[in-house]
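A.B. asks: A structural model of the following input is requested.
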Amino acid sequence: GNQTLTGRVIINPPAELTLLSGSPDAVLCVEITWTQNIRYSFGGSATGIDLVALNNDLPDGITASVSGNVVTISGTPALTVEAGDYTYTITTTGAEAPCENISRTGVISISTNATLVLTSAAGTDNQNICMPGTFTNIVYTYGGGATGIDEDALRNDLPAGLSFTVNHTAQTVTIYGTPTETGVFPYTVITTGIIPPCKPEEKQGTITLRPSAELEIAGNANQNFCLGGSLSDIVFTYGGGATDVAIVGGTLPDGINAISDAGNHTMTLSGTPVHAGTFTFNVTTTGAISPCTDVVIPVSITVYETPD
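C.D. replies: Modelled structure (predicted):
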């Protein structure tokens, strides 16, 4: 007669592994907290994730963990991590034959913050020079994730006569030259080539170029004559970093006047002494700003008694 056989067919669902975050790839920076983690959900016949293999793929500081049916890759790249691309593979576990576990791959790119260090002598980044003076080269060394410096920004900051050169092999920038103008010139050296979220580095300095004081004399600063005679005019002209002149270290003889003309930057000594004697004093500029110094010219006037 007829014979009936019964049995059971088991159909297992395929393993599933679905990306929940926007991208399987990430660009991170050493020691900067990662806020947009990579997340996958697993399901179907998959019951877990091979965390050992996944964590072995990840750079130090970045780890994978599972909560429920979601695996999350998160963390902060450690300071010791070398810059580069780290390819990782997520593989499900638990799929039953004939179903197979599945894998997904992604890339975590690690970059480093820029570094920028003054490598010329301490204090060379802030120079205060009396013109004409000697400028000491300023050298910065960049590194980390930096590949250069913002040359346009630095060029615009420097005074006339100063320039710079960038050595990409040595990763240095050197400011050099002979300044030809006066003033206060703040400058900024900014690294370039950084891959966000890494940050550039910058250093500021100031180059201060002061005009030297100037003092010229027209006439004889050492005069001798008899009482009743007149002083031959002595004209002092000041300029540069000088803002005025003054008489110091003595006094004018009675009858001699100091006539100032601020518009022409002059002071004139003239007149007729009323007493005999020797009168010494200095005419000095004022207003010079350090490291410049004021200029001093000594003056001597000797008035003799009139012979009987």
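A.B. asks: Report the residue spans of the stretch 51-200 of the chain with pLDDT below the cut-off.
C.D. replies: Judged by pLDDT under 70, the stretch 51-200 of the chain has no weakly predicted residues.
A.B. asks: Which parts of it are strands?
C.D. replies: Using DSSP state E, counting those that start in this stretch, the strands found in the stretch 51-200 of the chain span residues 62-67, 70-75, 84-93, 103-111, 114-118, 126-131, 138-144, 148-149, 162-167, 172-177, 183-192.
A.B. asks: Spell out which strands sit alongside the shortest one in the sheet and which way each one runs.
C.D. replies: The pairing partners recorded for strand 148-149 under DSSP bridges are strand 183-192 (antiparallel).
A.B. asks: And the partner strand, what's buried?
C.D. replies: Neighbour-count burial for strand 183-192, with 16 or more other C-beta atoms under 10 Å as criterion, is recorded at 185, 187, 189-191. Glycine gets a C-beta too; all of them are placed from N, C-alpha and C.
A.B. asks: May I see these arranged in JSON lines, with distance to Ile49 as well?
C.D. replies: JSON lines is the format used below for the buried residues of strand 183-192 (distance: C-beta to C-beta, whole Å):
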{"residue": "Phe185", "distance to Ile49": "59"}
{"residue": "Tyr187", "distance to Ile49": "53"}
{"residue": "Val189", "distance to Ile49": "47"}
{"residue": "Ile190", "distance to Ile49": "43"}
{"residue": "Thr191", "distance to Ile49": "39"}
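A.B. asks: Of the residues you listed, just say which sits nearest to Gly228.
C.D. replies: Within these, the smallest distance to Gly228 is 57.0 Å, found for Phe185 (C-beta to C-beta).
A.B. asks: Now do the contacts for the closest one.
C.D. replies: Under the criterion of C-beta atoms under 8 Å, 6 or more residues apart in numbering, the contact list for Phe185 reads 157-159, 206-209.
A.B. asks: Is it possible to get JSON lines of the residues you listed that adds distance to Phe225 and neighbour count?
C.D. replies: Putting those into JSON lines (distance: C-beta to C-beta, whole Å; neighbours: other C-beta atoms under 10 Å) gives the following:
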{"residue": "Asp157", "distance to Phe225": "57", "neighbour count": "19"}
{"residue": "Leu158", "distance to Phe225": "55", "neighbour count": "16"}
{"residue": "Pro159", "distance to Phe225": "49", "neighbour count": "18"}
{"residue": "Thr206", "distance to Phe225": "52", "neighbour count": "13"}
{"residue": "Ile207", "distance to Phe225": "51", "neighbour count": "22"}
{"residue": "Thr208", "distance to Phe225": "47", "neighbour count": "18"}
{"residue": "Leu209", "distance to Phe225": "45", "neighbour count": "23"}
